[in-house]
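**Q** A predicted structure for the sequence below; I have some questions about it.
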Amino acid sequence: MIVVILIIGAYLLGTILTATWIGKIFGRNIRIEGSGNPGARNAGRVLGKWAFVLVFLGDALKGAIPVAAAKWLDCGTAVELAVLLAAMLGHILPVFYKFRGGQGISTYIGGLLMFYPPLFAGFAIVFLLVYPFLRSFTLAGFAAIVAVPFLSCLFSFSYVEPFLLGCLSVLLIFAHQKDLMFRMTGRTGKNK
């Protein structure tokens, strides 16, 4: 029962779109300005660097808090990743915003760091190694995200954790498919 409560709570926490609330403080509607995406990058573009920092930290906490709660309750690493997945789903597909949310990177980063810092370090190392070749934060970031499930096999996890980490990677690729297509081909669909 506690696991179900954690997962539902993580999803609901994820639906709190930090950028929307920060935008209200500035008297702006972040969902219709810039790219219309309620994430840190668009907040920074529309409202400035402090908005980027605040939104990034707020969204990262949405990933870190559920994972920390699952750790505190000693639910196990599989549940920690399940609640991170729920928080990311809440951020990307928030029921209260007609399933139109952010793209989940900040939430992923916060949750992964809380989940297992050595794995997060591997994520960061892959990013730093790949970036000089790709010259794109987006593509280097996704190279690191795709690498994470494979890197997890270097640690003492069961088969469940790499699978769940793979689900997180697939979810992020789904959320960023238009941006990734543009980065790789220079073509994209109609902008929101």
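**A** Received the coordinates, thanks. Numbering: from 1, shown residues only.

**Q** now do the helices in the protein.
**A** Assigned by DSSP state H, the helices in the chain fall at 2-14, 18-25, 40-47, 49-72, 77-92, 105-115, 117-134, 137-151, 160-175, 177-185.

**Q** can you tell me which residues contact residue 25?
**A** With contact set as Cβ atoms under 8 Å, 6 or more residues apart in numbering, residue 25 has no partners. For the C-beta atoms, the positions are set from N, CA and C on the backbone; glycine is no exception.

**Q** hang on, the earlier thing: using CSV, lay out the helices of the chain together with mean pLDDT.
**A** Listed next are these as CSV, based on pLDDT from 0 to 100:
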stretch, mean pLDDT
helix 2-14, 96
helix 18-25, 91
helix 40-47, 90
helix 49-72, 96
helix 77-92, 97
helix 105-115, 97
helix 117-134, 96
helix 137-151, 93
helix 160-175, 95
helix 177-185, 67
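
**Q** could the ones you listed go into a markdown table alongside distance to residue 32?
**A** Compiled in a markdown table, the helices of the chain are given as follows (distance: least, Cβ to Cβ, whole Å):
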| stretch | distance to residue 32 |
| --- | --- |
| helix 2-14 | 22 |
| helix 18-25 | 10 |
| helix 40-47 | 10 |
| helix 49-72 | 16 |
| helix 77-92 | 19 |
| helix 105-115 | 21 |
| helix 117-134 | 32 |
| helix 137-151 | 23 |
| helix 160-175 | 20 |
| helix 177-185 | 18 |
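
**Q** out of those, nearest to residue 31?
**A** Smallest distance to residue 31 across the helices of the chain (Cβ to Cβ): 6.4 Å, for helix 18-25.

**Q** now find how far off-centre the closest one is within its chain.
**A** 18 Å (Cα atoms, centre = their mean, to the nearest Å).

**Q** kindly report the same for stretch 105-125.
**A** For stretch 105-125, the distance to the chain centre is 10 Å (Cα atoms, centre = their mean).

**Q** can you list the residues that contact it?
**A** 14, 39-40, 55-56, 59-64, 66-68, 71, 77, 80-81, 84, 87-88, 91, 141, 144-145, 147-148, 151-152, 154-155, 168, 172, 176.

**Q** mind checking the end-to-end distance for it?
**A** End-to-end distance for stretch 105-125, by Cα to Cα, to the nearest Å: 17 Å.

**Q** and it, what's buried?
**A** Applying a neighbour-count criterion of 16 or more other Cβ atoms under 10 Å, one finds 105-116, 119-120, 122-123 buried in stretch 105-125.

**Q** just the closest of these to residue 5, please.
**A** residue 111 (17.8 Å).

**Q** quick check: closest non-adjacent residue to the closest one.
**A** Excluding the flanking residues, the one nearest residue 111 by Cβ to Cβ, 6 or more residues apart in numbering is residue 63, at 2.9 Å.
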